[in-house]
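>>> Show me the folded form of this:
(one chain, ligands or ions: 1)
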Amino acid sequence: METDEAQPRAHLAALVLARGGSKGIPLKNIKLLAGVPLIGWVLRAALDAGVFHSVWVSTDHDEIEKVAKQFGAQVHRRSPEVSQDSSTSLETIREFLNHHHEVDIVGNIQATSPCLHPSDLIKVANLIQKEGFDSVFSVVRRHQFRWSEVKKGENKMTEPQNLNPAKRYRRQDWPGELYENGSFYFAKRHLIEKGYLQGGKMAYYEMRAEHSVDIDIDIDWPIAEQRVLSFGYFGKDPLKEVKLLVCSVDGCLTNGRIYVTEDHKEMVSYDYRDIVGINLLKKRGIQVRLISERDCSKSLSAMQLGCVAEVNATNKLRVLENWQKDIGLSWKEVAYLGNEESDVECLKKAGMSGVPADACALAQKAAGYICKSSGGCGAIREFAEHIFLLLEKVNSARKQMEEVNSAGEDTGGK
Ligand SMILES: CC(=O)N[C@H]1[C@H]([C@H](O)[C@H](O)CO)O[C@](OP(=O)(O)OC[C@H]2O[C@@H](n3ccc(N)nc3=O)[C@H](O)[C@@H]2O)(C(=O)O)C[C@@H]1O
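As a prediction, the model looks like this:
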């Protein structure tokens, strides 16, 4: 059933529930996963999908509100009644709907499944808006044999549930089974008001197994981190190649401390791990250049790093633009590591951006990756590894995607 194109489309709102209290991991919803706050992964996918009339985060927490807005979402401040450990998603979504009468369909996207892609959301929006389904939820195919539980006093033996032990299927001979994976639940208002997220004319959307990640308990976190690096969505314009890393001196290469001797000489210190990082970058064909607002030329020449440097840089953005012109690079090919307010513009424009753990709040907000290491204590080394990992993973994921697309494979709702 196709809706008339001339009819105004029902208002489809994406809604990410992100309470402040979480049972296992403290402030889980904004904890950095591979350098990006957890809700950031799904918000980026929802906003880039371009199918939502509005994208919301429902929260009770100031810090989560800040992060949500930083990613471009609108914020619904929920009441304490639906912010308890015992509050269900459904109650929270109903509360949102009570405050937003313009919304006809809610796409509840769970931040705990961060490997979501805009292409999934576009297909789901199509199912609910054009094909007339009332609710659509995500599933994943699993090949798992189930056995009944042995309960004291009830039964002594376990029984096979979905297999014949005499004729066990090989994986390739068995289609497997569909499991709800908790990535998203789309439903029309009338259903939610009746107390259902799944009901009416229902469809499932089968997600690719590698995109199906669910962070439920603490031990899921490192696995999810590896998954997003390999299969996550990194934005509309994925990284192609990094050819230049520009690094701020005070606070990134050094920890920002300057010792002054009686005879007016300056002393700074750096971490040998960062020198290793710089050398690794150079080996991979990535130039490293340094930039500083003050005249630290003597210290830099004593360090013998072999990097082009610009000191007394009152306008870092202009310096970078000139470098780009000289070398012939686009912003996409530039990575930037900075820590101060004066770095913010460059951080925003660079194809890849990072800050040390102790960077100022404004720089942290502008950066795509927040290092665990502080300035002068291995942040360059860590950022270099992050660059290598992303380049590798993003390129291999893109290759896989191209292979799948060219094979014409299409998973979708049923
Ligand atoms: C739609 C729905 O029923 N979601 C529930 C899901 C779902 O059933 C499973 O993922 C399916 O695999 O399970 C739960 O999932 P969980 O507790 O991890 O919650 C998923 C995300 O939603 C936020 N949330 C949840 C409820 C609520 N009232 N406010 C919220 O902000 C959490 O902070 C987290 O980011 C569960 O395991 O208990 C609780 C969730 O309420």
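
>>> Please make it C-alpha for all contacts and neighbour counts, starting now.
Will do.

>>> count of neighbours near the nearest residue to residue 20 once chain neighbours are set aside?
With sequence-adjacent residues excluded and distances taken as C-alpha to C-alpha, 6 or more residues apart in numbering, residue 20 is closest to residue 61, at 5.2 Å. Residues lying near residue 61 (other C-alpha atoms under 10 Å) number 16.

>>> before we move on, what about residue 87?
12.

>>> Now for it: which residues touch it?
residue 81 (C-alpha atoms under 8 Å, 6 or more residues apart in numbering).

>>> Roughly how far does it sit from residue 77?
Going from residue 87 to residue 77 by C-alpha to C-alpha, to the nearest Å gives 15 Å.

>>> Report the contact partners of whichever residue of the stretch 151-300 of the chain sits closest to the ligand.
Of all residues in the stretch 151-300 of the chain, residue 182 sits closest to the ligand, at 3.8 Å by C-alpha to the nearest ligand atom. Contacts for residue 182 (C-alpha under 8 Å, 6+ apart) come out as 110, 113, 137, 138, 139, 214.

>>> Mind listing the residues bridging to the residue lying closest to the fourth one once chain neighbours are set aside?
The reference is to residue 138. In this structure, residue 138 finds its nearest non-sequential neighbour in residue 205, 4.7 Å apart by C-alpha to C-alpha, 6+ apart. For residue 205, the beta-bridge partners under DSSP bridges are residue 138, residue 413.

>>> Report how many residues lie close to residue 217.
10.

>>> residue ranges with poor pLDDT in the stretch 201-350 of the chain?
Residue ranges of the stretch 201-350 of the chain with pLDDT under 70: 237-240.

>>> Report the mean confidence score over the longest strand seen in the chain.
Determined from DSSP state E, the single longest strand within the chain is strand 177-188. The pLDDT scores in strand 177-188 average 98.

>>> any idea how far that strand is from the chain center?
20 Å (C-alpha atoms, centre = their mean, to the nearest Å).

>>> List the buried residues for it?
For strand 177-188, a neighbour-count test (16 or more other C-alpha atoms under 10 Å) marks 180, 181, 182, 183, 184, 185, 186, 187, 188 as buried.

>>> State the pair within those that is farthest apart.
The most widely separated members of the buried residues of strand 177-188, counting by C-alpha to C-alpha, are 181 and 188 (20.0 Å).

>>> Test my guess that residue 60 contacts residue 82.
No: the criterion here is C-alpha atoms under 8 Å, and residue 60 misses it with residue 82 at 9.0 Å.

>>> Using pLDDT, spot the least trustworthy of the contacts of residue 182.
Across those, the smallest pLDDT goes to residue 214, namely 95.

>>> who's in contact with the spatially most central residue of the chain?
In the chain, the centroid-proximal residue (C-alpha atoms, centre = their mean) is residue 41; its distance is 2.7 Å. Residues near residue 41 by C-alpha under 8 Å, 6+ apart: 111, 114, 115, 116, 232, 233.
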